[in-house]
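> Got a sequence here, can you build the structure:
(2 chains)
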Amino acid sequence: MLRRRLIGAIPVLLGMSFLVFMLMHLAPGDPVSLLLGEEADEIDIQETRREWGLDKPVLVQYWEFIKHAARGDFGDSLRYREEVSTLVIERLPATLELAVASMFVAMLISVPIGVYSAIKHNSIWDHSGMTIALIGLSLPNFWLGIMLIFFFGGQLNLLPVAGRIGYGIQVEPITRLYLIDTLLQGDLTAFWSAFRHLLMPAVTLGTSFAAIVTRISRSSVLEVIRQDYITTARAKGLGEGTVIWKHTLRNAMITIITILGLQLGALLSGSVITETVFSWPGIGSLLVQAISTRDYKLAQGVIFFFAMMYFVVNLLVDLLYMLVDPRIKL
Amino acid sequence: MRGWRRYVKVGIGGVILCVLVVCGVAAPLLAPHDPRELRLEEKLRPPDWRVWDSGSYFLGTDNLGRDLLSRIIYGSRVSLLVGATTVIFAGLIGCFLGAVAGYYGAMIDEIINKTTEIFLAFPFLLLAISVMAFLGQGLYNLILALVLSRWVQYCRIVRGEVLSLKERDFIQAVRALGGRDFYIIIRHVMPNTLPSVMVIATFAMAIVIITEASLSFLGLGIPPSIPTWGSMLSEGRSYMYRAPWLTIWPGMAIFITVLGINLLGDGLRDILDPKLTRH
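Numbering: from 1, shown residues only, chains lettered A, B, ... in the order given. Here you go, the predicted model:
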């Protein structure tokens, strides 16, 4: 089963990389003129075409692309004059920190609401819980971010509105995750600053996912609660608390955790917008900068990286799911 | 769920969608001012809710003195046009491929299935951003990017439905009567998938409207000359503290529209397709 899942992933990976590769060819006009800008002269263009192998057939170019991509080589960014992979790796921890914090926020809000809604199925609590989820699902998260900045940053002046840490605070890069690094250094002021910077972006990004997770927590608890073994547990006289905590939640958590895992990939891509709103120095804002400065090599590299992360996370969740629940056949 | 509640959802959602359609279609009649008319002497006027005459600005003006209410009314055109077109085209492509994959099975199914897996390997928003990044701004490019990233959901659901439908007696009967495959797919298989497709289409429209606004916000959607809710929010951000109405109202317009469509989708799902209903 494991082997089948892994072998099945290969064509998908190839197709995905082909799509990313073709993006450059999607752009109207010659990719080289796009990369070099409009003012580049003909000789430069020809030279670059040859240098990058763009004069070769598309399939040969694709082969070169995946050969390099496999080594993490996506060429140099035109703007930063640095390797794309170096830039991505430098900024990745910021995105990961934001994604994990958002996931935490999403779980904190959604699992209790979802579970309680299911336990009190069809009550006023259930309907209120689902209404909140629907509102969360309909909020455009860039707007939510701007509104949070307006109220908590501007009007109330409670939280910082941009960046990862206060100006002038030095953090020694150990894991590059500021919350952890500042704690490892024992610098509580820096930790507090990093935490305050993280709060609004994490709430913004976490909200839309909280909505999805609320619905899924509710439905998976409802599914479990109707099983025969729950009826049996009740029939043998167990208290409602034990039935819910020991029998229902433990089983429902498998689905909830899987969905959370699957959402992590989507969360990473959602960071593109949140990072832009909060000037968060992660790979999402790097992508937007690359696009706005027409740094196509960098954009292509970041897109490939995002897609790969999504792909790997999904594959891992699938495999873990199979381990946790042997009934699942992939 | 008690019967009346789902009709309330559909009712509220339907009314909101109707308002959006009326705003979009009758924008020139409803808008109190020309949405592109610059009046620098009137710039950053706060909302004036007391009077409703030709000289007042109900929701205020932007940094170039353009009337915000008129721009929001015209902005609904883009949301509606992009939302509806994407949902229709993605639906047609996705449903057709899904039906063909489910009906014929074997090699065709395998190929279509792998293609959907490849598209699903990209998070939806990332795919739309990627395509727009390389295609450049523009209405047609935007619709293309959204269709490319949206057809898969239809394809998957329709394929699943067709797999079970094709074994049903009435399809076997048409086949026994000599119906050709194409005729069976178009006349008998696809109409039976309509309830599920309508539910997916409604939710898809909500997602597409948010995505269009997000792309315009990032400067990757429609050119700035056309008023859209996303680009209004993006422009208004620079004046957030001086003129908060420039960010509050366009965002509110997106939120209410998407909430309405989601309500409609929820209600429709409860009514049309109990199979999709999660309890």
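> Within the helices and strands, which one has the residue positioned nearest the centre of chain B?
Central residue of chain B (CA atoms, centre = their mean): B:Met205, 2.5 Å from the mean position. Assigned by DSSP states H and E, B:Met205 falls within helix B:190-217.
> So that helix, near chain A or not?
Yes: using CB under 8 Å from any CB of the partner chain, helix B:190-217 comes into contact with chain A via B:Ala206, B:Ile210, B:Ala213, B:Ser214, B:Phe217. (Each C-beta comes from the backbone N, C-alpha and C, glycine too.)
> was I right about the residue nearest to the centre of chain B contacting B:Val87?
Yes: counting by CB atoms under 8 Å, B:Met205 does reach B:Val87; the two are 4.9 Å apart.
> Quick one: residues contacting the residue most central in space within chain A.
Centroid-nearest residue in chain A, with CA atoms, centre = their mean: A:Leu268, separated by 1.3 Å. Shown in contact with A:Leu268 (CB atoms under 8 Å, 6 or more residues apart in numbering or on different chains): A:Thr95, A:Ala99, A:Gly284, A:Phe306, A:Met309, A:Tyr310, A:Val313, B:Pro123.
> which ones are touching the fourth one?
The reference is to A:Phe306. A:Leu268, A:Ser269, A:Ile283, A:Leu287, B:Pro123, B:Leu126.
> What about those, which one has the most neighbours?
The most crowded member of these, judged by other CB atoms under 10 Å in any protein chain shown, is A:Leu287 (30 neighbours).
> Which secondary structure state does that residue sit in?
Three-state call for A:Leu287 (DSSP: H, G, I helix; E, B strand; the rest coil): helix.
> who are the neighbours in contact with the closest residue to it other than its chain neighbours?
Nearest residue to A:Leu287, sequence neighbours excluded (CB to CB, 6 or more residues apart in numbering or on different chains): A:Val302, at 4.4 Å. By CB under 8 Å, 6+ apart, the contact list for A:Val302 reads A:Val84, A:Val88, A:Ile283, A:Leu286, A:Leu287, A:Ala290.
> Please apply the same query to B:Asn113.
So B:Asn113 contacts B:Ala101, B:Arg159 (CB under 8 Å, 6+ apart).
> can we see that at 10 Å?
Residues in contact with B:Asn113 (CB atoms under 10 Å, 6 or more residues apart in numbering or on different chains) are B:Leu97, B:Gly98, B:Ala101, B:Gly102, B:Cys155, B:Arg156, B:Arg159.
> Kindly report the same for B:Thr115.
By CB under 10 Å, 6+ apart, B:Thr115 lies in contact with A:Pro11, A:Val12, A:Gly15, B:Leu97, B:Ala101, B:Trp151, B:Val152, B:Cys155.
> got the angle between the helix or strand hosting the fourth one and helix B:190-217?
When secondary structure is defined by DSSP H and E, B:Leu97 falls within helix B:68-104. Per axes from the mean of the first three to the mean of the last three CA atoms, to 10 degrees, the angle that helix B:68-104 makes with helix B:190-217 is 140 degrees.
> what about helix B:68-104, distance to the chain center?
Counting by CA atoms, centre = their mean, to the nearest Å, helix B:68-104 is centred 6 Å from the centre of its parent chain.
> Please apply the same query to stretch A:100-110.
12 Å.
> Check the secondary structure at B:Gly179 for me.
Each residue gets one of three states, and B:Gly179 gets coil by three-state DSSP.
> Any chance of the backbone angles for it?
phi -70, psi 140 (degrees, to the nearest 10).
> show me what contacts it?
Residues near B:Gly179 by CB under 10 Å, 6+ apart: B:Ile171, B:Ala173, B:Ile185, B:Arg187, B:His188.
> so which of the residues you listed would you say is closest to A:Gly72?
B:Ile185 (45.4 Å; CB to CB).
> burial measure for that closest one, as a count.
21.
> Could you verify my assumption that B:Leu139 touches B:Met132?
No: counting by CB atoms under 10 Å, B:Leu139 stays clear of B:Met132, with 11.5 Å between them.
> Mutual contacts of the two, please.
Taking CB under 10 Å, 6+ apart as the criterion, B:Leu139 and B:Met132 both touch B:Gly221.
> ok, those two, which is more surrounded?
Neighbours per residue, other CB under 10 Å: of B:Leu139 and B:Met132, the larger number sits with B:Met132, 22 against 16.
> secondary structure element for that one?
Take DSSP H and E as the rule and B:Met132 turns out to sit in helix B:124-135.
> close to chain A, is that helix?
Yes: interface with chain A: helix B:124-135 contributes B:Phe124, B:Leu125, B:Leu126, B:Leu127, B:Ala128, B:Ile129, B:Ser130, B:Val131, B:Met132, B:Ala133, B:Phe134, B:Leu135 (CB under 10 Å from any CB of the partner chain).
> Any idea how many residues pack against the last one?
Okay, so that is B:Leu135. Around B:Leu135 there are 18 residues (other CB under 10 Å).
> Let me see the contact set for it.
With CB under 10 Å, 6+ apart, B:Leu135 has these contacts: A:Leu23, A:Leu26, A:Ala27, A:Pro28, B:Asn141, B:Leu142, B:Leu144, B:Ala145, B:Leu220.
> how about the strands of the stretch 1-150 of chain A, start to end?
Shown for the stretch 1-150 of chain A, no strands are assigned by DSSP state E, counting those that start in this stretch.
> Where do the helices of it begin and end?
Assigned by DSSP state H, counting those that start in this stretch, the helices in the stretch 1-150 of chain A fall at A:2-26, A:31-36, A:42-51, A:58-70, A:84-119, A:124-138, A:141-148.
> What average pLDDT does the second one get?
Averaging pLDDT along helix A:31-36 yields 69.
> ok, now stretch A:46-54?
For stretch A:46-54, the per-residue pLDDT averages 77.
> is it up against chain B anywhere?
No: Stretch A:46-54 lies out of reach of chain B by CB under 10 Å from any CB, never closer than 15.3 Å.
> Ok, stretch A:193-205 next?
No: Stretch A:193-205 lies out of reach of chain B by CB under 10 Å from any CB, never closer than 12.0 Å.
> cool, and stretch A:114-122?
Yes: applying CB under 10 Å from any CB, one finds stretch A:114-122 touching chain B at A:Ala118, A:His121, A:Asn122.
> For the first one, which non-adjacent residue is closest in space?
The one in question is A:Ala118. Closest to A:Ala118 by CB to CB, 6+ apart is A:Val221, at 3.6 Å.
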